[in-house]
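>>> Fold the stuff below for me.
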Amino acid sequence: MKNELIISCENLTKHFTLGDGEVIALQGLDLTVQRGEMIGIVGVSGSGKSTLMNVLGGLIRPTSGQVRVNDHNLLTLSTRALDRYRREEVGFIWQQSARNLIPYLSALENVVYPMTLAGRRHKRERAEALLLQVGLGERMHHHIPTLSGGEQQRVAIAVALANEPSILLADEPTGELDTATALDVFALFDQLNEAGLTILIVSHDPTIARHVDRVVGIRDGRLAVEMRESADDTIEELTIMDAQGRIQIPADIRAALGLTDRVVLEQTDDGVLIRTTK
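Model (predicted):
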């Protein structure tokens, strides 16, 4: 199924009004994801990675640009169509279990709930099958507060899969888990991905490259770098050049080298040299 686009973002922008000012969360972001890929999205707090996930999930509308997911144009969908998109096309997993689960319901009832909202049939049978798939067959009747953090996140994954989504969006899904439990969750993601599910995982940790097909880094609201694991088990960072030949140079490097809004480019035998003007 790979080599078939399921997500396409072109020159995507998202602006938020904050008091009398405006915050630019995304500014000209370009991203493509192939069907069946599992990718990580990393960046510092405020870089725009969670805003991107919220746009892809249909939780917020972009300000401008193009964003298509599984042939849905998220910029032009009606409110009713966007509700249906969120319900049927996207599975969400959040870092905090309170955003994923209803505490006074059992694990089984939590998985049944989104199917009830979608008007699906055979809800209980599917919910039981999903909880078995995530390894909670013996815990499905337990209420959420009685489950461990790892078990709660497994219930959250089952909830996200309830309506057979096209893409799974996970925002820091292992951020509150210990290392061993986090590895179990990534192993489950790997199983789901091998079955063909497209998965996007937001993380602050670039070592997520060891668990996904590729990692993209967002800086200042744009796709800036791609990371990959090298042969010696280190993480290599590649700067992304867009279709217009633009790259982003991190602010700390610009400051250290004294780069301003005008620089000199020199072609060398090894590539291109960027230096300050005299």
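
>>> only C-alpha atoms for contact and neighbour calcs from this point on.
Noted.

>>> gap between residue 274 and residue 223?
Here the criterion is C-alpha to C-alpha, to the nearest Å. By it, residue 274 lies 20 Å from residue 223.

>>> neighbour-wise, which of these two wins?
Applying other C-alpha atoms under 10 Å to residue 274 and residue 223 shows that residue 223 carries more neighbours, namely 28 against 11.

>>> Test of understanding: give the bridge partners of that one.
Beta-bridge partners for residue 223, by DSSP bridges, are residue 218.

>>> For the remainder of this discussion, apply numbering that starts at 3.
In the new count, where the first residue is 3, that last one comes out as residue 225.

>>> That one against residue 31, yeah?
Yes - under the contact definition of C-alpha atoms under 8 Å, residue 225 touches residue 31, with a separation of 5.7 Å.

>>> Using the three-state scheme, assign residue 139.
The local conformation at residue 139, judged by DSSP: H, G, I helix; E, B strand; the rest coil, is coil.

>>> Per-residue pLDDT of the residue nearest to it when sequence neighbours are not counted, please?
Counting by C-alpha to C-alpha, 6 or more residues apart in numbering, residue 133 is the residue found nearest to residue 139 once chain neighbours are left out, at 5.6 Å. Note for residue 133: predicted pLDDT of 96.

>>> Which elements pack onto the strand or helix carrying residue 133?
Of the helices and strands defined by DSSP states H and E, residue 133 is found in helix 125-135. Applying 3 or more C-alpha pairs under 8 Å, 6 or more residues apart in numbering; DSSP states H and E, one finds that helix 125-135 makes contact with helix 109-120, helix 151-163.

>>> Could you single out the most deeply buried of these?
Comparing the helices and strands packed on helix 125-135 by mean neighbour count (mean count of other C-alpha atoms under 10 Å), helix 151-163 ranks first with a mean of 24.

>>> Tell me which helix or strand comes right after it.
Secondary structure here is assigned by DSSP H and E; on that basis, the next helix or strand after helix 151-163 toward the C-terminus is strand 169-173.

>>> In the stretch 53-202 of the chain, where is pLDDT below threshold?
With pLDDT under 70 as the threshold, the stretch 53-202 of the chain has low-confidence stretches at 99-100.

>>> Look at residue 62 and give its secondary structure.
Remark: residue 62 carries the secondary structure label coil [criterion: three-state DSSP].

>>> For it, grab the count of nearby residues.
Summarising burial for residue 62: neighbours were counted as other C-alpha under 10 Å, giving 16.

>>> longest helix anywhere in this protein?
helix 181-196 (DSSP state H).

>>> how about it: buried residues?
The neighbour-count criterion (16 or more other C-alpha atoms under 10 Å) identifies 183, 184, 187, 188, 190, 191, 192, 194, 195 as the buried residues of helix 181-196.

>>> Direction included, what does whatever helix or strand comes next after it pair against?
On the C-terminal side of helix 181-196, the nearest following helix or strand under DSSP H and E is strand 200-205. Each strand pairing with strand 200-205, determined using DSSP bridges, is listed with its direction: strand 40-44 (parallel), strand 169-173 (parallel).

>>> which other residues reach the last one?
Yep, that's strand 169-173 we're talking about. The contact list for strand 169-173, computed with C-alpha atoms under 8 Å, 6 or more residues apart in numbering, reads 52, 55, 59, 91-97, 162-163, 199-205.

>>> now swap in the first one and tell me
Residues lying outside strand 40-44 but in contact with it, judged by C-alpha under 8 Å, 6+ apart, are 51, 195, 200-208, 210-211, 214-220.
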